[in-house]
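**Student:** Predicted model follows, preceded by the sequence.
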Amino acid sequence: MRTTVLVIGGGATGVGVARDLALRGVDVTLVERGALAGGTTGRSHGVLHSGARYAEADPDDAAACLAENRVLREVASGCLRETGGYFLQLDGDDPDYFERKRAACADLGMETTTLDGDAFRARVPEASPAVERALAVPDAVVSPSRLVVANALDAREAGATIHTHAPVESMRVADGRVRAVAVGGTVGTTVEADAVVNAAGPWAERCAALAGVSVPMRPTRGAMVAVENPGVDAVLNRCRPPADGDIVVPTPEAAVLGTTSVAVDDPDDFERSDAAVDRIVDECAAMCPAVAGMPTVRTYWGVRPLYAPDESGRDGRAISRGFALLDHEAEGAAGLVTVVGGKLTTYRRMAEATADLLCDRLAVDAPCRTAERPLPGSDDPERLDTALDAFDVDAPAG
């Protein structure tokens, strides 16, 4: 099999890369070892971040989130719910941290509103009496499954080929260049490509190793607990340094409570403890007491693809959520690029940067169109739900 670009990984970033390249007229094939969104994308908490979560600790990443939040509101409306979000200062929380958060958001040019506890509870009656004040921010909720399917639909309509249940088995490197990739499963053949994109998320380190190059990762696991929604209709964030159980995300079916952050050695094999789940529920109940008494709808675990070349000894929460784009030519694997890190909110920006690099290498003179071109389903979200089975999507996040 022959293609110009082979993309490895069917999460939001990989499918986003395939779409971007196809819209520029590049012949692109995507392979995914399981179902689309079957890794980090489909096991996220589904927040379209405003950037407020990272504003004081990582303003560059926060600015990227805010910019992409605004873009996706325009081009991916069929995948979003305009819930808004709040950062909550509870009795005993550091008021100075709240002020730093508010000031950092203002520095980004983000519109915010500060509410006292009573005014906030008038908007969100389920909130705890312990909420002293709240910072309203432009968070939203995104459906990972719809987002991936929308990108896949547009990619396919632009000429991309997408294969699920097609694991990469090996790479052939000769004369300092990746020449071919052996793909099993539904493909069952060797794929020759001018360029290969490693968008394998927390498995990116393993994928790169097939070509003899290094991508130092520090993946962390996080648990999400979906309970019957007691009536929450906005994203609730605890206004404190990121910790376990500090976010509640409303979906049409449930309220998703998250999350934890524990480093793992193997993104396929890690501990899933009941204690972590109980801790999340207890902590989120501090913001919204009713969630503690609601039946559990489902529990799922995701693994964050954190790129950490110099961070091996640090807490995973301290590692930047920004993304890295790595060209492996200097390591003797020309034609291979890795895109890793980031988050669901910035997937389009990650895909654009990757496609820009590849088009430069391939002498393709075509601009990115994804910041202005609406995704399929923007005016008909049910079209995306109909397409889920056709594309084989695995996204417990919704």
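**Tutor:** Good, I have the coordinates.

**Student:** can we go C-alpha only for contacts and neighbour counts from here?
**Tutor:** Fine.

**Student:** Quick check: end-to-end length of stretch 325-336?
**Tutor:** 11 Å (C-alpha to C-alpha, to the nearest Å).

**Student:** what ranges do the helices span in the stretch 151-300 of the chain?
**Tutor:** With DSSP state H, counting those that start in this stretch as the criterion, the stretch 151-300 of the chain has helices at 204-209, 274-285.

**Student:** looking at those helices, which is buried most?
**Tutor:** Highest mean neighbour count among those (mean count of other C-alpha atoms under 10 Å): helix 204-209, with a mean of 20.

**Student:** So which elements touch that helix?
**Tutor:** Here helix 204-209 touches strand 189-198, strand 336-341, going by 3 or more C-alpha pairs under 8 Å, 6 or more residues apart in numbering; DSSP states H and E.

**Student:** buried stuff in the longest one?
**Tutor:** Across strand 189-198, burial judged by 16 or more other C-alpha atoms under 10 Å covers 190-198.

**Student:** What of stretch 228-247?
**Tutor:** Neighbour-count burial for stretch 228-247, with 16+ other C-alpha under 10 Å as criterion, is recorded at 228-230, 232-240, 242, 244-247.

**Student:** Mind checking which of those are in strands?
**Tutor:** 235-238, 247 (DSSP state E).

**Student:** for these, which one is nearest M224?
**Tutor:** Closest to M224 out of those is I247 (9.9 Å), distances taken as C-alpha to C-alpha.

**Student:** so that closest one bridges to which residues?
**Tutor:** Beta bridges link I247 to N237, G258 when assigned by DSSP bridges.

**Student:** again with Y300
**Tutor:** For Y300, the beta-bridge partners are M224 (DSSP bridges).

**Student:** these two touch, right, it and M224?
**Tutor:** Yes. If you go by C-alpha atoms under 8 Å, Y300 and M224 touch, sitting 5.4 Å apart.

**Student:** quick one: which of these two has more around it?
**Tutor:** A count of neighbours by other C-alpha atoms under 10 Å puts M224 above the other of Y300 and M224, at 27 against 18.

**Student:** So which residues of the stretch 1-150 of the chain form strands?
**Tutor:** 2-8, 28-31, 47-48, 80-81, 85-90, 113-116, 131-137, 140-142 (DSSP state E, counting those that start in this stretch).

**Student:** quick one: which of those strands is nearest P202?
**Tutor:** Checked against C-alpha to C-alpha, the stretch from the strands of the stretch 1-150 of the chain lying closest is strand 2-8, at 12.3 Å.

**Student:** and that closest one with strand 189-198, angle?
**Tutor:** On the basis of axes from the mean of the first three to the mean of the last three C-alpha atoms, to 10 degrees, strand 2-8 is oriented at 50 degrees to strand 189-198.

**Student:** Let's test this: mean pLDDT of strand 2-8, rounded?
**Tutor:** The pLDDT scores in strand 2-8 average 98.

**Student:** Could you do stretch 84-100 as well?
**Tutor:** 98.

**Student:** Just the CA trace of that stretch, in CSV.
**Tutor:** Extracted in CSV, the C-alpha atoms of stretch 84-100 (Å, rounded to 0.1, in the frame of the first residue of the first chain):
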residue,chain,number,x,y,z
GLY,A,84,-20.4,28.2,30.9
GLY,A,85,-18.1,27.4,33.8
TYR,A,86,-17.3,28.6,37.3
PHE,A,87,-14.3,28.5,39.6
LEU,A,88,-15.5,28.2,43.2
GLN,A,89,-13.8,29.4,46.3
LEU,A,90,-15.1,27.4,49.3
ASP,A,91,-14.9,28.2,52.9
GLY,A,92,-11.2,27.6,53.9
ASP,A,93,-9.8,28.0,50.3
ASP,A,94,-7.1,30.5,49.8
PRO,A,95,-8.7,33.8,48.7
ASP,A,96,-5.4,35.0,47.3
TYR,A,97,-5.4,32.1,44.9
PHE,A,98,-8.8,33.2,43.7
GLU,A,99,-7.5,36.7,43.1
ARG,A,100,-4.4,35.4,41.2
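
**Student:** thinking in terms of the whole chain, how far from its middle is that stretch?
**Tutor:** 25 Å (C-alpha atoms, centre = their mean, to the nearest Å).

**Student:** Same check on stretch 163-181?
**Tutor:** Centroid separation for stretch 163-181 versus its chain: 25 Å, with C-alpha atoms, centre = their mean.
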